[in-house]
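[1] pasting the structure only:
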């Protein structure tokens, strides 16, 4: 009951935010928070719940972004129509990447995902059909509503809110299903889980594919909002690090952790950039870095872990002990 | 084999030795403490700036700059260990990524704030120009870095396998509690490991500075190479990092010359992924 | 508890935003939003641009009769707006198209800028100008060269810089002149990075030479921010082209210079396409071993006492750097924008847009070596042009081509070190 009350408060605040703080920049900030929350929540499925720290998750983000922009730039269709294609590519790619790399333990998996993402970035950079280094642009002047190119951030905000809700609902449903049970067992001890008959490899792969699908959607939405994607903004490794940091900072493996992380880091980055960026002294990132260091130092389980009842002592989220 | 190809391979070996040099510190802490240091590239960058400051203030070349960079970075390593690493080590892997990435930004942009964003460079002849052997051309500064890479690898390897300090460090890496019961203080051992690793990284930076450009964001360019080198070599294996570094250097040079430079990194990553498939513990890593 | 925390944080974030939306523009101040890369790998560009625009503001806002025909220099402030002062609001795009767009939105809606100026990287210019277009705010770009920027049918986008087709024409003509004086220019090699700048400029140059019946003999592409370029230099050494055209940013330009020396390779003619080779850091770092390199530049320091020399001096005092082509193009762009606002006599976007469209500046009204500034229907300056400069005797570029404006004759072959 208490949880339901809190949930409705959050939903009410989320719905009211852009109406209460209605300047275009505030609305856009809200939309960005939700967008990154979608990406970080998607990452959370495999990185938080399954404990497989994918650092190269941007590879799926880029698939979605390129599918959306490609749908417009290459076929003259609405970028929206690229979303299913992006999901299919991302999930397929996740399967191809996942089968060999999910066997790898801890850090090796992380490094393998970085290598995959970098390979993808380089391939796209050298592929003329995908715009090579120039990238692909969306519709500059929207033809109709399905081009999803709006002046106001309001439509984006509510669209992102709905998709975030779907992402979180499916995550919640997953954690309460048999799959969630397996995932928790695998995260605690993969060997023990296997010996008890949990299909560890398959479960991890499913989580990875599900995560890839939602990450791809977030990439597509990102590209539609900014109307542009190039290899760096689609497949740059820094984007996945940013997503990972949001999830970790809020609390990986917790349903609302990524949202909290995004709600702190996105405004922190944009506002500190607005205040300090123009001075050109790099102070934005000194501040940003210092805050991340402090949180990692004093709240290594993420901010939300402050408030969650501890079921057990800090679990070892994907610490890469060799098996 | 054409003559140019020999030059390409020699160049690749020297480049690879440099990769190995700035990866040895990373592999040491990674293997010993199971920590991915995302600030590693920025430690290299700090080493480069120390060498540059030594050069501009005192006119000293690598003879002065390299030891000073080693010393300064070793100190930085110890400070970072006690202020940050000791605590985030107890947390999940994510906290380590969070902490070291934040540290990377902090270091990078503190330097940016102090020195500005301009590209800096050491004079071309600071180490002594270029040697020509029978038509082969080898830059003295790269040769120096290569030789030091071999010495550092050998030194670290001997330290870990032949000295009591090394066995104590390995004991802590193996099992902290057991080590503690034997009267070894894990804190001290790990702080020493960080000092050595950061010192080696600073040394690498000071030597790379002799033939590379210096800029606050240079660590970004170098860190991914270091990650791949260390993974390929096997986490914690110092000789592994050397072999992997040389291998990557030669593959990069050959593929860059024969296939095209824009594809050379793709070749390296794809080979790396194939390799992980067959030998997921890396070249010389333990299962 | 958890969720309360979330709400609390959201509120805190929102509150700080409300505070951030500061006071409205004062009377008699015209705000211009300036979006530049001020962090990340190209941050030095942003730092230089900032200094240059601060100098430009000084020139516009204070009387500078010594600057001759330069519009808005003579009197204090903008005469057309009753002496209103120009104020640049700087923003950092972090070299990221998304950040650039967010900052453009902030400048337009929070700071209420009269126009936006930026954003260096073509990708960032693309996204940030899209926002200005949607809001109907003039956007002036002075340095991004991607062809597609002016092909989008935008009505609020103006670009003063020459673009790749202009560069290609300059190189074709320059090399033809060199050939006429007896230099060998038959085999041309292009060396370029794989960024949007490198590939698109290389493609355009390659097409231009092909049209002249002299296809490019060798095309060497390399990944930007390379850790090593020995392979590429060896490729060049192997194929021995007569002319190398380098299209590189500062980092790689430095590395190429160092590697060419260590591998003892000198082409007869080394011709650079601006960018890294114009960066003062490049000259400081490797100028001594790049003697005789040709470079494209629209900027030439004139004789002492000339307007451009005075401006170069002011810039040096401000930034500690020599004025280079990129910064000069930016400063010129800012002057064009200020002049348009001055002529519009208002900060009303439509009037500024009309004034920009009506811009017709002559060569003697500019600080840079364009033939003038006049925009076509797409917003491209049709009078943009460039010259060839050469690094001779030490650490300064001198203009060597076209002959009419040359300080010294071109020296051949490339000397190196």
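    Alright, I've got the coordinates. On a predicted model such as this, the values are computed, not experimentally measured, just so you know.
[2] Every contact and neighbour count from this point should use C-alpha atoms.
    Noted.
[3] hmm, stretch A:244-263 touching chain C?
    Yes: using Cα under 8 Å from any Cα of the partner chain as the criterion, contacts between stretch A:244-263 and chain C involve A:260, A:263.
[4] Can you get me the start-to-end distance on that stretch?
    Using Cα to Cα, to the nearest Å, the span of stretch A:244-263 from its first residue to its last is 14 Å.
[5] which residues touch it?
    Residues outside stretch A:244-263 that contact it (Cα atoms under 8 Å, 6 or more residues apart in numbering or on different chains) are A:33-34, A:36-38, A:40-41, A:43-45, A:47-49, A:55, A:168, A:171-172, A:265, A:292, A:295-296, A:301-305, B:94-95, B:97-98, C:6, C:9-10, C:13.
[6] next one: stretch A:15-26
    A:27, A:30, A:152-154, A:157-158, C:14, C:17-18, C:102, C:105-106, C:109-110.
[7] Now flag whichever of those residues is closest to chain B.
    residue C:102 (21.6 Å; Cα to the nearest Cα).
[8] quick one: is the strand or helix carrying the closest one near chain A?
    Element membership of residue C:102 [criterion: DSSP states H and E] is helix C:97-109. Yes: Helix C:97-109 is in contact with chain A by Cα under 8 Å from any Cα, via C:97-98, C:101-103, C:105-106, C:109.
[9] follow-up on the earlier one: if you rank the contacts of stretch A:15-26 by neighbours, which is first?
    Counting neighbours by other Cα atoms under 10 Å in any protein chain shown, residue A:30 leads the contacts of stretch A:15-26 with 28 neighbours.
[10] quick one: contacts for it?
    Contacts of residue A:30 by Cα under 8 Å, 6+ apart are A:17-18, A:157.
[11] would you turn those into a markdown table with secondary structure and pLDDT?
    Formatted as a markdown table, the contacts of residue A:30 follow (DSSP: H, G, I helix; E, B strand; the rest coil; pLDDT from 0 to 100):
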| residue | secondary structure | pLDDT |
| --- | --- | --- |
| A:17 | helix | 92 |
| A:18 | helix | 91 |
| A:157 | helix | 95 |
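[12] List the contacts of stretch B:131-142.
    Here stretch B:131-142 makes contact (Cα under 8 Å, 6+ apart) with B:7, B:11, B:14-15, B:18, B:126-130, B:207-208, B:210-211, C:262-263.
[13] can you rerun that using 10 Å?
    Residues outside stretch B:131-142 that contact it (Cα atoms under 10 Å, 6 or more residues apart in numbering or on different chains): B:3-4, B:6-8, B:10-11, B:14-15, B:17-18, B:62, B:124-130, B:143, B:146, B:148, B:207-212, C:259, C:261-264.
[14] Quick one: low-confidence residue ranges for the chain.
    By default, I'm working from chain A. Residues of chain A meeting the criterion pLDDT under 70: A:308-323.
[15] nope, chain C please
    For chain C, the stretches flagged by pLDDT under 70 are C:1-27.
[16] Quick check: the residue in the stretch 101-250 of chain B positioned nearest to chain A vs residue B:109, distance?
    Of all residues in the stretch 101-250 of chain B, residue B:102 sits closest to chain A, at 4.1 Å by Cα to the nearest Cα. From residue B:102 over to residue B:109 the distance is 11 Å, taken as Cα to Cα.
[17] near chain C, anything from stretch B:201-213?
    Yes: applying Cα under 10 Å from any Cα of the partner chain, one finds stretch B:201-213 in contact with chain C at B:211-213.
[18] Could you count how many residues lie near the closest residue in space to residue B:209 that isn't next to it in sequence?
    With Cα to Cα, 6 or more residues apart in numbering or on different chains as the criterion, residue B:209 has its nearest non-adjacent residue at 5.1 Å, and that residue is residue B:48. Neighbour count for residue B:48, taken as other Cα under 10 Å: 33.
[19] Contact partners for residue B:48?
    B:42, B:54, B:65-66, B:69, B:121-122, B:201-210, B:212-216, B:218.
[20] swap in residue C:191?
    Residues near residue C:191 by Cα under 10 Å, 6+ apart: C:198-199, C:202, C:218-222, C:232-233, C:236, C:244-248, C:272.
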